[in-house]
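K.L.:
quick one, what's the 3D model for this:
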Amino acid sequence: MSWRITVLLLALVGCADSEPGSSVQAIVGGTLSPQDQATVALLGAGDPYCSGVLIEPTLVLTSAHCLPPNVDYAMADIEVFFGVDLSQGGDRISVSRAVAHPGWSRDAFANDIGIIELAVASPVEPARLDADAAEVVAIGDVVRAVGFGVSQAGGGIDGIKRSGQMTLSALDESSLFVDSEVTLTCSGDSGGPLFADGPFGAVLIGIHSRSNCETAGLAERVDSHIDSFISDFIAGIPPTAAICSSPESCNNDLIGGCHTAPGDNSPIVVLLVLLVLLALIAPRRRKRRTIGAVDK
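P.N.:
The predicted structure is shown next:
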């Protein structure tokens, strides 16, 4: 599948009214993952609803759409779970503060990242970051995603950590695009890590943002935020509200008119532009499978 068509199809539902994290699916076809101790579950009022990854003893990365004001949970209701299976016990740590990137928009791909400060230091080793994902991974490489949830569509969230392998199909300044015919992230994995093999072991390169739960997914590049959003959070500097760091990170040429600026979110205009683009590419897609609902 062409990565540009993949992005466009993701955007078709990415511009819809469904909410990120609304589906109960997680890594479809994934396997149990007890070795990924830095991968955590976010609990809202005691129930798992998103994933995350530890990057410092007291810092967890997740998706912007997994944090207030983008979820119904108050900060006091959110805990971070360290363990493999929620039903088998583990460590639960409360949140002292958290920030969702203010530049994230439901109508755009870029900036779907948030950061949590734990009330106490975690009991596990943090994941390894890399300053430039493009130097660690290349198009066609196998990458691995980890998250909490169910292993197949239609089941209930069981709070078990699973992982699965995918292929990197494209990357730009903000996003990592993955394809898979076997395992894929879905909305229960939102905020969970995407790992690549580095010279010294697994390296965190992305945070799961959205997918169609079948063949194509999208992750936010972590390295794009190390020297800005993440560093500012650690220093106590309020994050900037810039929607996009560059025109490329908005993916304006790919998402078919999804607006990235506040106050310009006309769904009718978005739908019309998307229909035109679909009409243009339809002759080349007669033999392609239809992609269903996107986890948002």
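
K.L.:
from here on, contacts and neighbour counts on C-alpha atoms
P.N.:
Will do.

K.L.:
pLDDT below threshold where in the chain?
P.N.:
1-34, 149-157, 240-296 (pLDDT under 70).

K.L.:
ok, now with 50
P.N.:
Filtered on pLDDT under 50, the chain yields the residue ranges 1-31, 242-277, 279-296.

K.L.:
helices along that one, start to end?
P.N.:
Remark: helices assigned in the chain by DSSP state H are 3-14, 133-136, 231-235, 247-250, 267-281.

K.L.:
tell me the domain ranges of this protein?
P.N.:
Annotated domains of the chain cover 37-128+224-242, 133-222 [automatic domain parsing].

K.L.:
okay, the ones you listed, which one's buried deepest?
P.N.:
domain 133-222 (a mean of 24; mean count of other C-alpha atoms under 10 Å).

K.L.:
and it, end to end?
P.N.:
With C-alpha to C-alpha, to the nearest Å as the measure, domain 133-222 spans 8 Å from end to end.

K.L.:
and if you look at stretch 166-185?
P.N.:
End-to-end for stretch 166-185, by C-alpha to C-alpha: 9 Å.

K.L.:
what's the answer for stretch 97-116, then?
P.N.:
Counting by C-alpha to C-alpha, you get 6 Å between the two ends of stretch 97-116.

K.L.:
hmm, Ser180 is touching Thr167, no?
P.N.:
Yes: Ser180 lies in contact with Thr167 (C-alpha atoms under 8 Å); the separation is 6.2 Å.

K.L.:
could you pull out the strands for the stretch 1-150 of the chain?
P.N.:
Secondary structure of the stretch 1-150 of the chain (DSSP state E, counting those that start in this stretch): strands at 31-32, 39-44, 47-56, 59-62, 78-82, 91-100, 114-118, 142-149.

K.L.:
what packs against the last one?
P.N.:
Read that as strand 142-149. Strand 142-149 is packed against strand 39-44, strand 47-56, strand 160-171, strand 193-198, with contacts defined by 3 or more C-alpha pairs under 8 Å, 6 or more residues apart in numbering; DSSP states H and E.

K.L.:
what lines up beside that strand in the sheet?
P.N.:
When pairing is defined by DSSP bridges, strand 142-149 lines up against strand 160-171 (antiparallel), strand 193-198 (antiparallel).

K.L.:
can you redo these as TSV with distance to Glu125?
P.N.:
What follows is these, written out as TSV (distance: least, C-alpha to C-alpha, whole Å):
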stretch	distance to Glu125
strand 160-171	17
strand 193-198	15
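
K.L.:
out of those strands, flag the one nearest Leu204.
P.N.:
strand 193-198 (4.7 Å; C-alpha to C-alpha).

K.L.:
kindly export the closest one (C-alpha atoms) in PDB.
P.N.:
Extracted in PDB, the C-alpha atoms of strand 193-198 (Å, rounded to 0.1, in the frame of the first residue of the first chain):
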ATOM      1  CA  PRO A 193       5.800   3.100  22.600                       C
ATOM      2  CA  LEU A 194       7.100   2.200  19.200                       C
ATOM      3  CA  PHE A 195      10.600   0.700  19.400                       C
ATOM      4  CA  ALA A 196      13.300   0.200  16.900                       C
ATOM      5  CA  ASP A 197      16.500  -1.900  17.300                       C
ATOM      6  CA  GLY A 198      19.500   0.300  18.000                       C
END
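
K.L.:
okay, the angle between that strand and strand 39-44?
P.N.:
170 degrees (axes from the mean of the first three to the mean of the last three C-alpha atoms, to 10 degrees).

K.L.:
give me the residues contacting stretch 58-70.
P.N.:
20-21, 50-55, 71, 74-75, 98-101, 104, 111-122, 190-192, 207-209 (C-alpha atoms under 8 Å, 6 or more residues apart in numbering).

K.L.:
between the two ends of it, how far is it?
P.N.:
In stretch 58-70, first residue to last residue: 22 Å (C-alpha to C-alpha).

K.L.:
which of the strands of the stretch 1-150 of the chain sits closest to Phe200?
P.N.:
Of the strands of the stretch 1-150 of the chain, the one closest to Phe200 (C-alpha to C-alpha) turns out to be strand 142-149, at 15.2 Å.

K.L.:
what angle separates the closest one from strand 47-56?
P.N.:
Using the same axes, to 10 degrees, strand 142-149 lies at 130 degrees relative to strand 47-56.

K.L.:
not counting its own residues, what contacts strand 142-149?
P.N.:
24-27, 33, 36, 39-41, 48, 50-52, 156-168, 185, 188-190, 192-197, 208.

K.L.:
mind running it again at 7 Å?
P.N.:
Strand 142-149 is contacted from outside by 25-27, 39, 41, 51, 157-168, 188-189, 192-196, using C-alpha atoms under 7 Å, 6 or more residues apart in numbering.
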